Structures are given as structure tokens and as C-alpha cells.
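Peer 1: How does the following fold in three dimensions:
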Amino acid sequence: MNLGPGGPGDVCHPPPMPFDHNDHYHRLLLRRVPADARTALDVGCGTGRFARRLAARGIEVDAVDPSRETVEAARAASARPGGNGPAPRFRHADIADVDLPRSHYDVISCLASLHHMPFATVTALRDALAPGGVLLVLGCYREEFPADLARSLTAVPVNAAARLAVAAGERARGTRHAPRATPPVKEPGMTLADIRREADGLLPGHTLRRLLFWRYLLVFRQVAGAARRGSVHRHADDVARLAGDAAARHRR
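Peer 2: Okay, the predicted model is just below:
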């Protein structure tokens, strides 16, 4: 029985339901946003819910997603009255094709999107961080059994109860959960051990922890001056890793 992505509740790419795993962790992510943050990049922004929460803090937000449908939905939602702060700038693009400015963003976020791209993409995100900037990855991972069984068994009933509670609250308020644009679905290929190993080489000093609802949280903070000092020495390793990813995809 698959209790993780693709299993009950389709946890990595849930169907339209009142309780959304990514939304559930917004506050956890926002607590790690620097208080003086002025610029942000949301990678794989989907319909823009987290990008709008960043913008509501007065942060100038660039938001990128490869799905035209979800970007159009994000723009429509952001154009509704009642928003706080400037609307994010949504862009339909693959992050691999975007020429990111170096040492620019105070915050870069990836919510359930990094598994859609080679993990080595974090090198470009790392180098786009301003000194003191933070990379926040709320990611999906491929479960390993029996290592992940206990956590999944714990999460399934909590997940079901949370969805029922949110749905009951909406019925009591007379509101209805609005359907959202469905983003492209891709099951994660890396285990948590794989992710930790890659992050150790590409994001020195990061923290990584498993979360309850089939997610992990990776946090990397750019040390002042680190991007400039280390970029030359890391370049060859990064190119080699990207080449290795390309070769692996070609073999598949």
C-alpha cells in the first residue's frame, strides 16, 4: 500500500480539497523569511498563494511557473480586490531558461516544485541569493520502506481528520472550497537520503528535516560574500553535476 505520493489523498499532488499540504506549511516558511527582506523569487509558484503572502509583507516578488494555465490562474487571483501590497510579477517560464540575477534575492522559495527539475538547479538559486538571503524548499521525496512507514502511518489519519475539519468549517461558514488549476504531476525520484547527500555538496551549512505531511523542509542561508568567493571554485563541480543529470536522463 502506498501511503505517500499517489496513495490515499495523493499527498504530493493532492486533488482539489479544502486542506492543502503546501498551504499548511506557509506559516512555517514565513517564519524563516528575513524581517528586512525586500525581494523574493517563488519557483514553481502554481496559482500564487505563497507568492501573494510574501507580497502582502511588502516584498517585491517574482514568481515563475512552467504551466501556462496555473500562471493565468495566479494572475487572475492576484487581480482580485482586497489584496495587500503590490501583486507578484508572474511569469510563464521554466526556471532553467531564466537568466537569474546574481546575489539579488533576499528570499527564494520552492514549494513542491524542486522534484520537477534536476536537484542541481539549486546552484543557480543559491547564486541568485543576496548576502544573508534564504533559500526555502518545501519539497517532496520518494519514500523508502520500511524507513518511512512509521511517519506515513502517523500522517494518514491526521491528514484525513484535518481535511474533514476544514470541510466542516467551510460548511458551517457557508463557504465552498473553490477548485484550483491542476499543476503538472510528477512523482519525486529522490529519497530523503539522496536529497541530503546532494544538498551537502551544493548547499553547505543547510538544514533539512522531514515534516509530517510527506514533505521536507530545506533551509539554506547565503553567508555574506560566499557567493562571490565560492562561485569560481564551485563552477566546475556544478557543471559536472548538471552534465551527469543530463546523461542520466538520456539513458532513461
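Peer 1: name the element Arg209 belongs to?
Peer 2: Taking DSSP states H and E as the definition, Arg209 sits inside strand 207-210.
Peer 1: Just give the strands next to that strand in its sheet, each with its orientation.
Peer 2: Applying DSSP bridges, strand 207-210 is found paired with strand 216-221 (antiparallel).
Peer 1: and the residue lying closest to Leu28 once chain neighbours are set aside, what are its bridge partners?
Peer 2: Nearest in space to Leu28, with sequence neighbours left out and distances taken as CB to CB, 6 or more residues apart in numbering, is Leu217 at 6.9 Å. Using the backbone N, CA and C atoms, a C-beta is placed for each residue, glycine as well. Here Leu217 sits in beta bridges with Leu138, Arg209, going by DSSP bridges.
Peer 1: Count the residues that sit near Leu217.
Peer 2: 17 (other CB atoms under 10 Å).
Peer 1: circling back to that earlier point, neighbouring contacts of the strand holding Arg209?
Peer 2: Applying CB atoms under 8 Å, 6 or more residues apart in numbering, the contact partners of strand 207-210 are 151, 192, 195-196, 199, 216-220.
Peer 1: Quick check: which of these has the minimum pLDDT.
Peer 2: Among those, Arg151 has the lowest pLDDT, at 63.
Peer 1: Cys140 and His116 touch, don't they?
Peer 2: No - using CB atoms under 8 Å, Cys140 is not in contact with His116, being 9.4 Å away.
Peer 1: So for those two, which sits in the more crowded spot?
Peer 2: Ranked by neighbour count (other CB under 10 Å), Cys140 and His116 place Cys140 first, with 27 against 21.
Peer 1: so where does Arg27 fall, helix or strand?
Peer 2: For Arg27, the host element (DSSP H and E) is helix 26-30.
Peer 1: Over to Leu136?
Peer 2: strand 129-139.
Peer 1: list the helices and strands that strand packs on?
Peer 2: strand 105-111, helix 122-127, strand 216-221, helix 226-251 (3 or more CB pairs under 8 Å, 6 or more residues apart in numbering; DSSP states H and E).
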